[in-house]
Structure formats: C-alpha cells, structure tokens
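**Q** fold the following, please.
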Amino acid sequence: MYEQSEAVQSTGRRKRAVARVKLTLGQGVITVNGKNLEEYLPRPQLHQIVRQPLEATQSSSRFDVVVKAEGGGITGQAGAIRHGIARALLQVDEALKDTLRKNGFLTRDPREKESKKYGRKRARKRFQYSKR
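**A** Modelled structure (predicted):
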C-alpha cells in the first residue's frame with residue numbers, strides 16, 4: 001500500500017507512446033520531460049486529457065506529477081500520461097478504482113498503426129491502376 005513519504009510510480013501507454021509517471025504529495029504541479037505541462041503540450045485539449053483522472057478523483061491539488069514521456073506523437077503521449085496517472089492513483093487509493101474504471105482511464109487504448117504490407121504503398125493503399 002501507499003506510504004505518505006514515498007513516490008508512487010506507474011507506466012501508461014497509448015499508440016507508440018510510453019509515459020513513466022511518478023506521483024508525490026504536493027500542490028498539483030505537472031512536469032513532463034523537465035518542462036511545465038502547458039509548455040510541453042501545445043493544445044488546451046491535451047492539457048484537459050492529462051488532468052482528467054485527477055479531476056475525476058478530486059485530487060488535482062493533492063499530488064505533484066513528474067512524467068518521462070517518449071515515443072509516438074503529442075496526442076499519444078497525452079493519452080499515455082492520462083493512463084499512467086490513473087494507474088498511479090489506483091496504487092495510492094484502491095477505492096478510486098470504480099471512478100477511474102467508469103470513466104475509462106484504466107483501459108489501455110489498443111488501437112495501433114497497422115503494419116505496411118509488401119507490394120503496397122502503405123498497409124492497405126494500392127498503387128494507381130493504369131488501364132492503358
């Protein structure tokens with residue numbers, strides 16, 4: 001179970017992005033790769049995605065979040081951070097499981113890019129057909 005002095009670590013994933021999340025007691029500061037959240041993620045929608053699990057559990061100002069995100073794009077990383085924060089909150093308090101599960105924060109989004117096939121330009125795109 002969770003001790004007051006130690007940090008809780010978890011991993012979140014989405015698409016090709018992986019986020020290693022560390023949750024500690026604090027004032028609600030979110031740091032991603034050494035930068036402030038607003039500095040790292042350019043769009044307000046992404047800030048909202050990252051904060052969703054904290055707001056759903058009313059713990060926005062209770063924890064400081066330090067994240068190391070890598071791989072994928074910024075949208076995938078935002079989803080991975082959300083997944084990681086939700087898993088870390090679950091380690092802190094098991095009672096939050098129903099809230100997090102109901103909002104879909106604990107489910108790993110399984111959608112991945114389909115791999116390229118031989119004889120094609122991409123996974124499904126064909127070359128242009130020329131009749132003459």
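
**Q** identify the residues contacting residue 96.
**A** Going by CB atoms under 8 Å, 6 or more residues apart in numbering, residue 96 touches 57, 89-90. For the C-beta atoms, the positions are set from N, CA and C on the backbone; glycine is no exception.

**Q** any idea how far residue 120 is from it?
**A** From residue 96 across to residue 120, the span is 45 Å (CB to CB, to the nearest Å).

**Q** settle this for me: residue 11 is touching residue 21, isn't it.
**A** Yes - with contacts counted by CB atoms under 8 Å, residue 11 reaches residue 21, the gap being 7.2 Å.

**Q** show me which of the two is the more surrounded one.
**A** residue 21 (27 against 14; other CB atoms under 10 Å).

**Q** name the helices or strands packed onto the helix ranked longest in the chain?
**A** In the chain, taking DSSP state H as the definition, the longest helix is helix 74-92. If you count contacts as 3 or more CB pairs under 8 Å, 6 or more residues apart in numbering; DSSP states H and E, helix 74-92 packs onto strand 8-14, strand 17-25, helix 44-56, strand 63-70, helix 97-102.

**Q** JSON lines for these, including distance to residue 110 and mean pLDDT?
**A** Below are the helices and strands packed on helix 74-92 laid out as JSON lines (distance: least, CB to CB, whole Å; pLDDT from 0 to 100):
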{"stretch": "strand 8-14", "distance to residue 110": "9", "mean pLDDT": "95"}
{"stretch": "strand 17-25", "distance to residue 110": "14", "mean pLDDT": "94"}
{"stretch": "helix 44-56", "distance to residue 110": "18", "mean pLDDT": "93"}
{"stretch": "strand 63-70", "distance to residue 110": "19", "mean pLDDT": "94"}
{"stretch": "helix 97-102", "distance to residue 110": "16", "mean pLDDT": "92"}
